[in-house]
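> Sequence plus the predicted model coming up.
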Amino acid sequence: MAKSQRKLAVERYLAKPLAARPGVSQRFAAALLPPLLMGVLVVIAYIWTRSGLEAHRQFLMPTLEGLWSQAFSQPAVLGQLFNAAVTTLSIALAGLAISIPIGMLLGVVMFRFQVMEKAIFPYLVALQSIPILAIIPLLQSALGFGFLPKVLIVALFTFFSIPTTLLLGLKSVDRSIIDLFRLQKAGWPTMLIKAGFPSAAPTLFAGLRISAGLAVIGAIVSELFFLSGPGGLGQMLINAKIDFKYEQMYAALLVSSVLSISVYLLFSWLGNRLFSEWHESGGR
(Lines give C-alpha, C1' and ligand atoms only; values in the text may rest on other atoms or scores of the structure.)
Protein backbone atom coordinates (compact mmCIF):
# COMPACT_ATOMS: atom_id res chain seq x y z
CA MET A 1 0.00 0.00 0.00
CA ALA A 2 2.78 2.43 0.98
CA LYS A 3 4.72 1.49 -2.16
CA SER A 4 1.74 2.26 -4.41
CA GLN A 5 1.23 5.60 -2.64
CA ARG A 6 4.89 6.51 -3.19
CA LYS A 7 4.54 5.56 -6.84
CA LEU A 8 1.49 7.78 -7.21
CA ALA A 9 3.31 10.67 -5.53
CA VAL A 10 6.30 10.27 -7.85
CA GLU A 11 4.07 10.16 -10.94
CA ARG A 12 2.26 13.29 -9.81
CA TYR A 13 5.46 15.33 -9.82
CA LEU A 14 7.00 13.83 -12.94
CA ALA A 15 7.27 16.16 -15.93
CA LYS A 16 4.49 15.58 -18.41
CA PRO A 17 4.71 16.39 -22.12
CA LEU A 18 2.91 19.52 -23.25
CA ALA A 19 -0.14 19.15 -25.43
CA ALA A 20 0.60 19.55 -29.10
CA ARG A 21 -0.19 22.96 -30.55
CA PRO A 22 -3.23 22.96 -32.82
CA GLY A 23 -2.48 22.99 -36.52
CA VAL A 24 -3.07 25.89 -38.89
CA SER A 25 -6.38 24.45 -40.12
CA GLN A 26 -7.64 23.96 -36.55
CA ARG A 27 -6.71 27.52 -35.55
CA PHE A 28 -8.25 28.85 -38.75
CA ALA A 29 -11.48 26.98 -38.09
CA ALA A 30 -11.56 28.09 -34.44
CA ALA A 31 -11.15 31.72 -35.51
CA LEU A 32 -13.68 31.72 -38.36
CA LEU A 33 -16.42 29.28 -37.37
CA PRO A 34 -17.89 31.31 -34.46
CA PRO A 35 -18.32 34.56 -36.44
CA LEU A 36 -19.60 32.62 -39.47
CA LEU A 37 -22.22 30.87 -37.36
CA MET A 38 -23.22 34.18 -35.81
CA GLY A 39 -23.46 35.69 -39.29
CA VAL A 40 -25.78 32.89 -40.38
CA LEU A 41 -28.00 33.59 -37.36
CA VAL A 42 -28.07 37.30 -38.21
CA VAL A 43 -29.10 36.54 -41.82
CA ILE A 44 -31.84 34.19 -40.60
CA ALA A 45 -33.10 36.85 -38.19
CA TYR A 46 -33.07 39.42 -41.02
CA ILE A 47 -35.08 37.15 -43.34
CA TRP A 48 -37.55 36.32 -40.57
CA THR A 49 -38.02 40.02 -39.70
CA ARG A 50 -38.54 40.94 -43.37
CA SER A 51 -41.10 38.19 -43.83
CA GLY A 52 -43.08 39.65 -40.92
CA LEU A 53 -43.49 43.02 -42.64
CA GLU A 54 -46.51 43.95 -44.69
CA ALA A 55 -46.05 43.42 -48.42
CA HIS A 56 -46.03 47.16 -49.16
CA ARG A 57 -43.23 47.72 -46.59
CA GLN A 58 -40.88 44.92 -47.52
CA PHE A 59 -38.97 47.21 -49.88
CA LEU A 60 -37.53 48.82 -46.72
CA MET A 61 -35.53 45.62 -46.14
CA PRO A 62 -34.07 44.45 -49.47
CA THR A 63 -33.54 40.79 -50.16
CA LEU A 64 -30.06 39.33 -50.43
CA GLU A 65 -30.65 38.86 -54.15
CA GLY A 66 -31.61 42.54 -54.45
CA LEU A 67 -28.46 43.61 -52.60
CA TRP A 68 -26.37 41.64 -55.07
CA SER A 69 -28.19 42.63 -58.27
CA GLN A 70 -28.75 46.31 -57.41
CA ALA A 71 -25.56 47.08 -55.50
CA PHE A 72 -22.63 44.70 -55.22
CA SER A 73 -22.80 43.42 -58.81
CA GLN A 74 -22.94 46.93 -60.30
CA PRO A 75 -19.48 48.31 -61.20
CA ALA A 76 -20.67 51.92 -60.81
CA VAL A 77 -22.01 51.25 -57.31
CA LEU A 78 -18.86 49.34 -56.35
CA GLY A 79 -16.72 52.27 -57.48
CA GLN A 80 -18.87 54.65 -55.47
CA LEU A 81 -18.63 52.40 -52.42
CA PHE A 82 -14.85 52.21 -52.73
CA ASN A 83 -14.41 55.99 -53.05
CA ALA A 84 -16.81 56.60 -50.16
CA ALA A 85 -15.00 54.06 -47.97
CA VAL A 86 -11.64 55.70 -48.69
CA THR A 87 -13.05 59.12 -47.75
CA THR A 88 -14.60 57.81 -44.53
CA LEU A 89 -11.41 55.94 -43.63
CA SER A 90 -9.30 59.06 -44.17
CA ILE A 91 -11.54 61.05 -41.82
CA ALA A 92 -11.43 58.27 -39.21
CA LEU A 93 -7.64 57.91 -39.33
CA ALA A 94 -7.12 61.68 -39.22
CA GLY A 95 -9.29 61.84 -36.11
CA LEU A 96 -7.30 59.03 -34.49
CA ALA A 97 -4.07 60.82 -35.41
CA ILE A 98 -5.28 63.72 -33.25
CA SER A 99 -6.89 61.86 -30.35
CA ILE A 100 -4.15 59.24 -29.78
CA PRO A 101 -1.11 61.50 -29.18
CA ILE A 102 -3.10 64.15 -27.27
CA GLY A 103 -4.81 61.46 -25.19
CA MET A 104 -1.51 59.74 -24.37
CA LEU A 105 0.11 63.04 -23.43
CA LEU A 106 -2.81 63.90 -21.18
CA GLY A 107 -2.67 60.46 -19.53
CA VAL A 108 1.04 60.92 -18.75
CA VAL A 109 0.45 64.40 -17.34
CA MET A 110 -2.35 63.15 -15.07
CA PHE A 111 -0.13 60.29 -13.90
CA ARG A 112 2.86 62.53 -13.21
CA PHE A 113 0.96 65.24 -11.38
CA GLN A 114 -1.87 64.05 -9.14
CA VAL A 115 -3.29 67.56 -8.91
CA MET A 116 -3.67 67.57 -12.71
CA GLU A 117 -5.61 64.31 -12.54
CA LYS A 118 -8.00 65.83 -10.00
CA ALA A 119 -8.33 68.96 -12.13
CA ILE A 120 -8.72 67.35 -15.56
CA PHE A 121 -10.55 64.07 -14.98
CA PRO A 122 -13.95 65.62 -14.11
CA TYR A 123 -13.85 67.57 -17.38
CA LEU A 124 -13.02 64.39 -19.29
CA VAL A 125 -16.11 62.76 -17.80
CA ALA A 126 -18.18 65.85 -18.60
CA LEU A 127 -16.92 65.85 -22.19
CA GLN A 128 -17.83 62.20 -22.53
CA SER A 129 -21.32 62.80 -21.16
CA ILE A 130 -22.14 65.70 -23.51
CA PRO A 131 -23.96 64.44 -26.63
CA ILE A 132 -21.79 64.96 -29.69
CA LEU A 133 -24.86 66.06 -31.64
CA ALA A 134 -25.13 69.07 -29.31
CA ILE A 135 -21.58 70.15 -30.19
CA ILE A 136 -21.98 69.85 -33.97
CA PRO A 137 -23.84 73.20 -34.41
CA LEU A 138 -21.03 74.95 -32.53
CA LEU A 139 -18.43 73.37 -34.82
CA GLN A 140 -20.46 74.35 -37.87
CA SER A 141 -20.60 77.98 -36.73
CA ALA A 142 -16.91 78.14 -35.84
CA LEU A 143 -15.23 75.99 -38.51
CA GLY A 144 -17.69 75.74 -41.37
CA PHE A 145 -18.50 72.54 -43.27
CA GLY A 146 -15.08 71.36 -44.45
CA PHE A 147 -12.78 68.48 -43.59
CA LEU A 148 -11.51 69.82 -40.22
CA PRO A 149 -14.80 69.74 -38.26
CA LYS A 150 -15.41 66.15 -39.40
CA VAL A 151 -11.99 65.16 -38.09
CA LEU A 152 -12.62 66.94 -34.78
CA ILE A 153 -15.87 65.04 -34.31
CA VAL A 154 -13.99 61.76 -34.76
CA ALA A 155 -11.37 62.97 -32.26
CA LEU A 156 -14.13 63.71 -29.74
CA PHE A 157 -15.67 60.28 -30.33
CA THR A 158 -12.37 58.47 -29.77
CA PHE A 159 -10.63 60.60 -27.16
CA PHE A 160 -11.99 59.53 -23.78
CA SER A 161 -10.81 55.92 -23.67
CA ILE A 162 -7.16 56.75 -24.47
CA PRO A 163 -6.07 58.85 -21.45
CA THR A 164 -8.24 56.87 -19.04
CA THR A 165 -6.87 53.45 -20.03
CA LEU A 166 -3.29 54.74 -20.13
CA LEU A 167 -3.69 56.29 -16.69
CA LEU A 168 -5.10 53.02 -15.35
CA GLY A 169 -2.19 51.08 -16.82
CA LEU A 170 0.43 53.45 -15.43
CA LYS A 171 -1.12 53.28 -11.98
CA SER A 172 -1.01 49.47 -12.14
CA VAL A 173 2.78 49.22 -12.51
CA ASP A 174 4.24 46.80 -9.97
CA ARG A 175 5.61 48.74 -6.99
CA SER A 176 8.64 46.45 -6.76
CA ILE A 177 9.65 47.50 -10.28
CA ILE A 178 9.38 51.17 -9.30
CA ASP A 179 11.47 50.51 -6.15
CA LEU A 180 14.12 48.75 -8.24
CA PHE A 181 14.42 51.76 -10.55
CA ARG A 182 14.64 54.08 -7.56
CA LEU A 183 17.43 51.97 -6.06
CA GLN A 184 19.33 52.46 -9.32
CA LYS A 185 18.67 56.21 -9.00
CA ALA A 186 16.83 56.26 -12.33
CA GLY A 187 15.01 59.44 -13.24
CA TRP A 188 11.26 59.70 -13.73
CA PRO A 189 11.49 59.80 -17.57
CA THR A 190 13.55 56.60 -17.50
CA MET A 191 11.01 54.86 -15.26
CA LEU A 192 8.19 56.04 -17.51
CA ILE A 193 9.79 54.76 -20.72
CA LYS A 194 11.30 51.52 -19.43
CA ALA A 195 8.74 50.51 -16.80
CA GLY A 196 5.59 52.56 -17.16
CA PHE A 197 4.84 52.30 -20.87
CA PRO A 198 5.64 48.57 -21.22
CA SER A 199 3.44 47.71 -18.24
CA ALA A 200 0.62 50.02 -19.35
CA ALA A 201 0.74 49.06 -23.04
CA PRO A 202 -1.82 46.18 -22.86
CA THR A 203 -4.32 48.43 -21.07
CA LEU A 204 -3.64 51.26 -23.50
CA PHE A 205 -4.25 48.99 -26.49
CA ALA A 206 -7.59 47.98 -25.01
CA GLY A 207 -8.51 51.67 -25.15
CA LEU A 208 -7.10 51.99 -28.66
CA ARG A 209 -9.28 49.11 -29.85
CA ILE A 210 -12.34 50.85 -28.41
CA SER A 211 -11.35 54.12 -30.09
CA ALA A 212 -10.64 52.38 -33.40
CA GLY A 213 -14.13 50.90 -33.46
CA LEU A 214 -15.67 54.30 -32.69
CA ALA A 215 -13.58 56.17 -35.28
CA VAL A 216 -15.54 54.97 -38.31
CA ILE A 217 -18.83 55.59 -36.48
CA GLY A 218 -17.71 59.13 -35.70
CA ALA A 219 -16.69 59.71 -39.31
CA ILE A 220 -20.09 58.58 -40.61
CA VAL A 221 -21.92 60.73 -38.03
CA SER A 222 -19.86 63.75 -39.06
CA GLU A 223 -20.73 63.19 -42.71
CA LEU A 224 -24.44 63.12 -41.88
CA PHE A 225 -24.21 66.71 -40.63
CA PHE A 226 -21.48 68.14 -42.88
CA LEU A 227 -22.77 67.40 -46.37
CA SER A 228 -19.86 69.00 -48.20
CA GLY A 229 -16.60 67.95 -49.80
CA PRO A 230 -15.91 64.43 -51.09
CA GLY A 231 -18.79 62.13 -50.24
CA GLY A 232 -18.14 59.35 -47.76
CA LEU A 233 -20.28 56.45 -46.60
CA GLY A 234 -22.40 58.76 -44.44
CA GLN A 235 -23.34 60.93 -47.42
CA MET A 236 -23.98 57.83 -49.50
CA LEU A 237 -26.38 56.53 -46.83
CA ILE A 238 -28.34 59.79 -46.83
CA ASN A 239 -28.43 60.13 -50.62
CA ALA A 240 -29.54 56.52 -51.12
CA LYS A 241 -32.33 56.95 -48.56
CA ILE A 242 -33.55 60.16 -50.21
CA ASP A 243 -33.56 58.45 -53.64
CA PHE A 244 -35.28 55.33 -52.24
CA LYS A 245 -32.30 53.19 -53.30
CA TYR A 246 -32.45 50.98 -50.26
CA GLU A 247 -30.20 48.31 -51.76
CA GLN A 248 -27.39 50.85 -52.04
CA MET A 249 -28.14 52.19 -48.56
CA TYR A 250 -27.79 48.71 -47.06
CA ALA A 251 -24.64 48.13 -49.12
CA ALA A 252 -23.10 51.31 -47.66
CA LEU A 253 -24.15 50.19 -44.20
CA LEU A 254 -22.47 46.80 -44.69
CA VAL A 255 -19.28 48.40 -46.00
CA SER A 256 -19.16 50.79 -43.05
CA SER A 257 -19.53 47.84 -40.65
CA VAL A 258 -16.72 45.96 -42.40
CA LEU A 259 -14.56 49.08 -42.29
CA SER A 260 -15.13 49.59 -38.57
CA ILE A 261 -14.42 45.94 -37.80
CA SER A 262 -11.26 46.05 -39.95
CA VAL A 263 -9.83 49.04 -38.06
CA TYR A 264 -10.65 47.33 -34.77
CA LEU A 265 -8.99 44.09 -35.89
CA LEU A 266 -5.92 46.02 -37.04
CA PHE A 267 -5.30 47.32 -33.52
CA SER A 268 -6.13 43.90 -32.06
CA TRP A 269 -3.59 42.24 -34.37
CA LEU A 270 -0.96 44.83 -33.50
CA GLY A 271 -1.58 44.30 -29.79
CA ASN A 272 -1.33 40.52 -30.19
CA ARG A 273 1.95 40.89 -32.07
CA LEU A 274 3.38 43.09 -29.33
CA PHE A 275 2.16 41.19 -26.25
CA SER A 276 1.72 37.56 -27.24
CA GLU A 277 5.10 36.56 -25.80
CA TRP A 278 4.69 38.00 -22.32
CA HIS A 279 1.09 39.07 -21.56
CA GLU A 280 -2.16 37.14 -21.52
CA SER A 281 -3.91 39.92 -23.49
CA GLY A 282 -1.86 38.85 -26.51
CA GLY A 283 -4.14 35.88 -26.98
CA ARG A 284 -1.39 33.33 -27.42
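Yes, it's here. Numbering: from 1, shown residues only.
> most centrally placed residue in this protein?
In the chain, the residue lying closest to the centroid (CA atoms, centre = their mean) is Gly213, at 2.8 Å.
> What's the first helix or strand after the helix or strand containing it?
Assigned by DSSP states H and E, Gly213 belongs to helix 197-225. Moving toward the C-terminus from helix 197-225, the next helix or strand (DSSP H and E) is helix 233-242.
> and that next one, what does it pack onto?
When contacts are defined as 3 or more CB pairs under 8 Å, 6 or more residues apart in numbering; DSSP states H and E, helix 233-242 packs onto helix 75-112, helix 197-225, helix 246-275. Any C-beta I mention is one placed from the backbone N, CA and C, and that applies to glycine too.
> follow-up on the earlier one: could you check the angle the helix holding Gly213 makes with helix 233-242?
Between the axes of helix 197-225 and helix 233-242, defined by axes from the mean of the first three to the mean of the last three CA atoms, to 10 degrees, the angle is 30 degrees.
> Deepest in the core, which of the helices and strands packed on helix 233-242 is it.
Counting by mean count of other CB atoms under 10 Å, helix 197-225 has the highest mean neighbour count of the helices and strands packed on helix 233-242, with a mean of 22.
> For Gly144, the count of nearby residues, please.
As a burial measure, Gly144 scores 12 neighbours (other CB atoms under 10 Å).
> do the same with the one 10 residues further on
Each residue near Val154 was counted by other CB under 10 Å, and the total is 31.
> distance of it from Arg209?
16 Å (CB to CB, to the nearest Å).
> same question, Leu36
From Leu36 to Arg209 the distance is 22 Å (CB to CB).
> Next: Ile91.
Counting by CB to CB - Ile91 and Arg209 are separated by 19 Å.
> sorry, back to before: so the residue nearest to the centre of the chain makes contact with Ser262?
No. Using CB atoms under 8 Å, Gly213 is not in contact with Ser262; the gap is 10.2 Å.
> what's the closest non-adjacent residue to Tyr264?
Among residues not flanking Tyr264 along the chain, Gly213 sits closest, at 4.4 Å (CB to CB, 6 or more residues apart in numbering).
> that older thread, the helices and strands packed on helix 233-242: which one's closest to Ile238?
Counting by CB to CB, Ile238 lies closest to helix 197-225 out of those; the figure is 6.2 Å.
> Tell me the helices and strands packed up against the closest one.
helix 75-112, helix 132-143, helix 147-159, helix 161-171, helix 233-242, helix 246-275.
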